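# Sequence plus the predicted model coming up.
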Amino acid sequence: MRVTTCLRPVGVGGLAGLSFGVEFVPQEPILSIADYVKLAEERGFKYTWITDHYNNRDVWSTLSILALKTEKIKLGSGVTNPYTRNVAQIASAIITIDELSNGRAVLGIGPGDRATFETLGIQWVKPVKTIVEAVTVIRRLIAGERLKFEGEVIRLSGAKLAVKPKAAIPIYVGAQGPVMLRTAGQIGDGVLINASHPKDFQAAISYVKEGVEKSGRRMEDIDVAAYTSFSIDQDPNKAEKAARIVVAFIVAGAPDQILERHGIGLEGAKTIKEAIGKGDFKTATKSVTSEMLNAFSICGTPENCISRIEELLKTGVTQIVVGSPIGSDKKNSINLIGEKIIPSFQKP
């Protein structure tokens, strides 16, 4: 099987220093999200990432509206997967976003969530192999090939797209475990890592580096995006309050070794997981400790957030994705990041 890689355009990730992205879950009206993204664009954010879950608004429809409502910000799926969507449909969709946005599309793709697939009756088979094959096939379809592909998971018999992108479309791989992180380093133009603490990135980036070196590239050739839980406010108590429910869900789903890495007791995590399972979000939120907030979010005043971002930079992170909850008031938080944080990391 041939693995095709593309050269990442100048201006993506490490080639231009630290960049900022913002994530939105399309739970609210798309036009409201468009207003937030337009504001983020005006405040200096370079990327926006839209999540892809079956129970929310459609990611591609959302990105289409954002393409028409913005001018500069790059637009990415954060992330789609090749289980609920056919790879040829993904390739066609991202080319469509690229056309509507005049060359600003970025494809984020990952193995997805086993629990979600079980809900939908979809088998989660060979996630690493599936992602390798998916990225290979999507790149070749985007390049205009008529493709006959016989993989272990993905099979095409003469598929060919009738459209082409305006420019090369970077592909970011969502990755968590060691094998997927190595794979992302080997085949991705970028890697999206769900974490907020330098300890997690020290571990993760070492695996990414192995994959990058195997591909014959350098770390400077790949964008390492920290897909963080972020909550900012001039009042640190407000920032913490907004972050608690998000952190509770992160703790509930965290493997034991990750909890132990941060010195978080398994009993405390169990309490939160059981509370969420019962729908008792009040107990789950109250059970979140300051140690949990520190481990699983970037949270607090602009000064607090700048300090953590500086720590992440030292590990090799090249993009900060401001993820849920963003803050107690999204508009105010986006403005605050644009005024206080992004300028602190801009090169003179």
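It's in. Residues are numbered from 1 along each chain as shown.
# Show me where this structure has its strands.
For the chain, strands defined by DSSP state E occupy the ranges 19-24, 47-50, 74-77, 105-109, 147-150, 155-159, 171-174, 190-193, 223-232, 298-300, 319-326.
# how distant is the longest one from the center of its chain?
In this case it means strand 223-232. Between the centre of strand 223-232 and the centre of its chain there are 8 Å (C-alpha atoms, centre = their mean, to the nearest Å).
# Which residue, other than its chain neighbours, is closest to residue 157?
Distance criterion C-beta to C-beta, 6 or more residues apart in numbering; nearest residue to residue 157, sequence neighbours excluded, is residue 148 at 5.8 Å. C-beta coordinates here come from the backbone N, C-alpha and C atoms, glycine included.
# picking that back up, of all the strands of the chain, which one comes closest to residue 211?
strand 190-193 (8.7 Å; C-beta to C-beta).
# Tell me the buried residues in the helix or strand bottoming out on mean pLDDT in the chain?
Across the helices and strands of the chain, mean confidence by mean pLDDT, DSSP states H and E is lowest for helix 114-120: a mean of 87. Residues 116, 117 are the ones in helix 114-120 that count as buried (16 or more other C-beta atoms under 10 Å).
# Please name every helix or strand in contact with that helix.
Helices and strands touching helix 114-120, as assessed by 3 or more C-beta pairs under 8 Å, 6 or more residues apart in numbering; DSSP states H and E, are absent.
# and the strands of the chain as JSON lines, adding mean neighbour count, distance to residue 337 and mean pLDDT?
Shown next, in JSON lines, are the strands of the chain (neighbours: other C-beta atoms under 10 Å; distance: least, C-beta to C-beta, whole Å; pLDDT from 0 to 100):
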{"stretch": "strand 19-24", "mean neighbour count": "24", "distance to residue 337": "7", "mean pLDDT": "98"}
{"stretch": "strand 47-50", "mean neighbour count": "28", "distance to residue 337": "13", "mean pLDDT": "98"}
{"stretch": "strand 74-77", "mean neighbour count": "26", "distance to residue 337": "17", "mean pLDDT": "98"}
{"stretch": "strand 105-109", "mean neighbour count": "27", "distance to residue 337": "20", "mean pLDDT": "98"}
{"stretch": "strand 147-150", "mean neighbour count": "14", "distance to residue 337": "42", "mean pLDDT": "96"}
{"stretch": "strand 155-159", "mean neighbour count": "13", "distance to residue 337": "42", "mean pLDDT": "97"}
{"stretch": "strand 171-174", "mean neighbour count": "28", "distance to residue 337": "21", "mean pLDDT": "98"}
{"stretch": "strand 190-193", "mean neighbour count": "27", "distance to residue 337": "19", "mean pLDDT": "98"}
{"stretch": "strand 223-232", "mean neighbour count": "27", "distance to residue 337": "6", "mean pLDDT": "98"}
{"stretch": "strand 298-300", "mean neighbour count": "27", "distance to residue 337": "11", "mean pLDDT": "98"}
{"stretch": "strand 319-326", "mean neighbour count": "26", "distance to residue 337": "6", "mean pLDDT": "98"}
